[in-house]
Every structure is written in structure tokens, then in C-alpha cells.
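1. pasted the sequence and its predicted model underneath.
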Amino acid sequence: MKTESFEARDCLLAELADGTPVLFRPVMPEDRKRLVAGMTQLSADSRYFRFFTPLPRLAEEQLRYFTEVDQHNHVAWIAVNPILPEQPGQGIGRFVRRNDQPTVAEFALTVIDAAQSKGLGTAILAILYLLAWEGGVCCLHGIVLPENRVVTTWLARLGAKTWFAAGVYEVELPVSRDISCLPNNPSAERFRSWVERMSGLRGEQVVHSR
Ligand SMILES: CC(C)(COP(=O)(O)OP(=O)(O)OC[C@H]1O[C@@H](n2cnc3c(N)ncnc32)[C@H](O)[C@@H]1OP(=O)(O)O)[C@@H](O)C(=O)NCCC(=O)NCCS
């Protein structure tokens with residue numbers, strides 16, 4: 001099973017399993033205020049899991065780094081409420097290619113607490129996966145705190161290799177155009193389903209979650 005092309009410039013309107021509409025689009029410099037507001041919607045645990053410290057707010061330099069991205073070496077997409085687009089972002093995902101090995105990229109995901117556990121993280125990861133494949137990235141590498149068992153378990157179910165080193169878990173999710181090589185389990189099936197439905201879509205087409 002091969003995925004179709006997925007252009008980095010597109011935005012995508014989707015519906016989560018509970019019917020919540022979400023607009024996914026590339027991060028822009030104008031999203032700075034959405035990130036500032038989004039940080040206030042994260043619990044201390046979520047901020048700790050994402051930044052390895054319960055960082056209260058993002059510094060100017062971090063805001064610039066997270067929003068002024070070239071969408072090639074640093075790819076970042078945001079999920080917003082399409083009905084109230086001025087609200088804080090619901091979730092965000094990014095990957096940054098390694099300088100010395102541009103086919104490997106470091107990835108990170110965040111979903112605001114009120115929107116967690118509804119499939120949004122899976123959808124954002126599916127977008128990163130498609131963009132990685134399109135950009136010639138063959139491996140998404142991440143670092144996860146040992147306390148963040150939800151994420152290490154989830155990623156392992158998606159076929160990521162995980163190992164413990166220097167007090168953290170490293171995870172490596174292989175990126176393949178042939179998504180039939182994803183494992184056969186319900187988590188991977190949900191992920192595969194998002195990848196399939198998002199691939200080849202352009203503009204504001206609606207994708208329904210299964
Ligand atoms: C990790 C994160 C992005 C997942 O977002 P999400 O919208 O909750 O993701 P989903 O709803 O698609 O769920 C993804 C997996 O997590 C599991 N999960 C989500 N919330 C959970 C909870 N409260 N308890 C147990 N499992 C949970 C889901 O069951 C799913 O796993 P499965 O497919 O094997 O069942 C979100 O929890 C988050 O932002 N956490 C804080 C930052 C962080 O840890 N980032 C990752 C490291 S960079």
C-alpha cells in the first residue's frame with residue numbers, strides 16, 4: 001500500500017472521532033500569539049513532558065524559533081479550531097532535520113490538555129509522517145522522559161524502536177511510503193488510517209476520523 005503525495009503548503013480540515021472539527025496547517029510567524037496562549041492551556045505535567053521542565057512560558061527566542069520555520073529543515077504544523085481560529089492552537093507538531101544527517105529529524109508533539117485523548121496527537125503525528133516522507137526524511141527521532149509512559153508505549157505500538165539512555169527514552173519511528181509495514185495493532189491501525197486519508201488531499205477537504 002503506497003501513500004500519495006501530500007504537499008507541505010496545504011491545509012487540511014478534519015474531524016476527530018467525537019466530531020470535533022480541526023484545521024491543520026503549516027505554522028506561520030503570525031502564530032506566535034497562539035503559542036503564547038497555548039502554553040497557558042498546558043498543565044505543568046504536559047509542559048514538563050514537552051520541555052523537560054515545567055517551563056511557564058516561552059522566551060522570545062523560543063517563540064521565534066518555533067514559529068519562523070522554513071518548512072523544509074524545520075517543519076511545523078498547527079491544529080486550530082476552524083470555527084474560532086483566533087483561539088489558542090489545539091496542538092502542534094514539528095520535526096527538525098539533523099545538520100549532519102538530514103534524512104533523520106528530531107520530532108516533538110504537543111496537544112493542549114483539554115484536547116488530549118481524542119486522537120489529535122495521532123492525527124498530528126500522521127501529518128508529520130507524511131511530510132517527513134515527502135521531504136526524504138526516513139526516520140523521526142525523539143526523546144521522551146521515562147515518566148511519560150503514555151508516549152513511549154504509544155510510539156512503540158506504532159513500530160518505533162525505543163531504548164533507554166542517559167536517563168531518557170530515545171525513540172526512532174521509521175518513515176516508509178509503504179504504510180502496510182506498520183504493525184498490526186489498533187493504535188497502528190488508527191495511525192495508518194489517518195495517514196491514508198490525509199495523503200493526497202489538498203486544501204480544505206474534510207477527513208473523517210474512524
Ligand atoms: C503526547 C500527546 C501529544 C498526545 O496527544 P493526544 O491528542 O492525547 O493523542 P491521542 O489522543 O491521539 O492519543 C495518542 C496515544 O496516547 C494515549 N493516550 C492519550 N491520552 C492518554 C491518557 N490520558 N492516558 C493514557 N493514554 C493516553 C492514547 O490512548 C493513544 O494511544 P493508543 O493509540 O495506543 O491508544 C499529548 O498527550 C501531549 O501533548 N502531551 C504533553 C507533551 C508530550 O508528552 N509530548 C510528547 C513528547 S515530545
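-> Now that the structure is in, tell me what you want to look at.
2. the longest helix anywhere in the chain and the ligand in contact?
-> The helix that spans the most residues within the chain, counting by DSSP state H, is helix 120-134. Yes - Helix 120-134 lies within reach of the ligand by CB under 6 Å from any ligand atom, at 120-122. For every residue, glycine as well, the C-beta is placed using N, CA and C.
3. and the angle from the next helix or strand after that helix to helix 120-134?
-> Counting by DSSP states H and E, the next helix or strand C-terminal to helix 120-134 is strand 139-144. If you take axes from the mean of the first three to the mean of the last three CA atoms, to 10 degrees, strand 139-144 sits at 140 degrees to helix 120-134.
4. and strand 139-144, C-alpha only, in PDB?
-> C-alpha atoms of strand 139-144 as PDB (Å, rounded to 0.1, in the frame of the first residue of the first chain):
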ATOM      1  CA  CYS A 139      13.500   8.400  10.500                       C
ATOM      2  CA  LEU A 140      11.800  10.500  13.100                       C
ATOM      3  CA  HIS A 141      13.800  10.500  16.300                       C
ATOM      4  CA  GLY A 142      12.500  11.800  19.600                       C
ATOM      5  CA  ILE A 143      13.400  12.000  23.300                       C
ATOM      6  CA  VAL A 144      10.800  11.100  25.900                       C
END
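5. who are the packing partners of whatever helix or strand comes next after that strand?
-> The helix or strand immediately downstream of strand 139-144 is helix 149-157, counting by DSSP H and E. If you count contacts as 3 or more CB pairs under 8 Å, 6 or more residues apart in numbering; DSSP states H and E, helix 149-157 packs onto strand 139-144, strand 161-165, strand 168-174, helix 186-198.
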